[in-house]
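Student: how would this look folded up:
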Amino acid sequence: MMLYGVYLYYCCNSFTRASRALEPYVKRSSVAIWNWLQRLAPICDRFDVDRSMVSCIYVDETMVYIKGIQAWVWVAYEPVKKIFLAFRISYHGNTIDAYAFLTELVRRYGRKVVWTDDAGWYKEACGWLRVEHHVYPQEQKNLIERMNQFIKDRVECFDDLFPCFREGCDRKHVHNWISVFRFYHNYVRENEETGKAPLQADGLPEYMRFIKLMQEVVALS
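Tutor: Prediction:
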């Protein structure tokens, strides 16, 4: 029920609706489902992407609010298979933060060609790392924006869904939310164009795949 409840949440993006959908089976509050999600994040962090599957990397960033303070979520995609590769959360949008994110991408996936918008911090950061950098050509920009917008639409609602009342918030709850979402996007959610998740390896229904993969990783722990 815990796994199914978290799956329902990512389908509808509402803890209240996920709680109501569970009512015929078990009564759990929206807060309980939020806590379930936080517990699953360390498991989802174990799912990584083989660097041989990454042909090039598209990088973008979006601004969110954490406890009313501006923050940036940096995201990286593999455009051919539409894989959500990695993310980083920072309180600044500048060359130093772009460099830190790109450094992590190089460590995990090698020195792949990086495509971004024309923000100056990307060009400078790629220069520091000696990584080949290109700006999206106009004819590809709409395609890239559609790819990016799906995740942006989700993360940009943090100010409403996750107001943090803790002093000195360490952003861990935001990291956990994106970690589980990354797993959901790569392994569970079936793309409307391809009819399967980017890293799907079976023909199971979405909710069964979510539960099966989670249980397999827990069993190996």
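
Student: What residue in this structure is the furthest from its centre?
Tutor: Largest separation from the mean C-alpha position in the chain: residue 24, at 30.3 Å (C-alpha atoms, centre = their mean).

Student: What separation do you get for that residue and residue 36?
Tutor: Going from residue 24 to residue 36 by C-beta to C-beta, to the nearest Å gives 18 Å. To be clear about C-beta, it is placed using only N, CA and C from the backbone, and glycine gets the same treatment.

Student: Which of the helices or strands spans the residue minimising distance to the centre of the chain?
Tutor: With distances taken as C-alpha atoms, centre = their mean, the residue of the chain nearest its centroid is residue 182 (3.6 Å). Here residue 182 sits within helix 172-183, counting by DSSP states H and E.

Student: Name the residues of whichever helix or strand comes after that helix that come out as buried.
Tutor: Next in sequence after helix 172-183, counting helices and strands by DSSP H and E, comes helix 206-220. Neighbour-count burial for helix 206-220, counted by 16 or more other C-beta atoms under 10 Å, picks out 206, 209-211, 213-214.

Student: Output the contacting helices and strands for helix 206-220.
Tutor: helix 2-12, helix 30-44 (3 or more C-beta pairs under 8 Å, 6 or more residues apart in numbering; DSSP states H and E).

Student: looking at the ones you listed, which is closest to residue 150?
Tutor: Closest of the helices and strands packed on helix 206-220 to residue 150 is helix 2-12, at 12.0 Å (criterion: C-beta to C-beta).

Student: Please tell me how far the closest one is from the chain's geometric centre.
Tutor: Chain-centre distance of helix 2-12: 16 Å, with C-alpha atoms, centre = their mean, to the nearest Å.

Student: Identify all contacting residues around that helix.
Tutor: 15, 17-19, 21-22, 28, 32-33, 36-37, 39-40, 180-181, 184, 188-189, 206-207, 210-211, 214-215 (C-beta atoms under 8 Å, 6 or more residues apart in numbering).

Student: re the thing from before, now the residue farthest from the centre of the chain, what's its secondary structure?
Tutor: coil (DSSP: H, G, I helix; E, B strand; the rest coil).

Student: In terms of secondary structure, what does the helix holding residue 182 contact?
Tutor: Judged by 3+ C-beta pairs under 8 Å, 6+ apart, the packing partners of helix 172-183 are helix 2-12, helix 30-44, strand 69-78, strand 83-90, helix 138-155.
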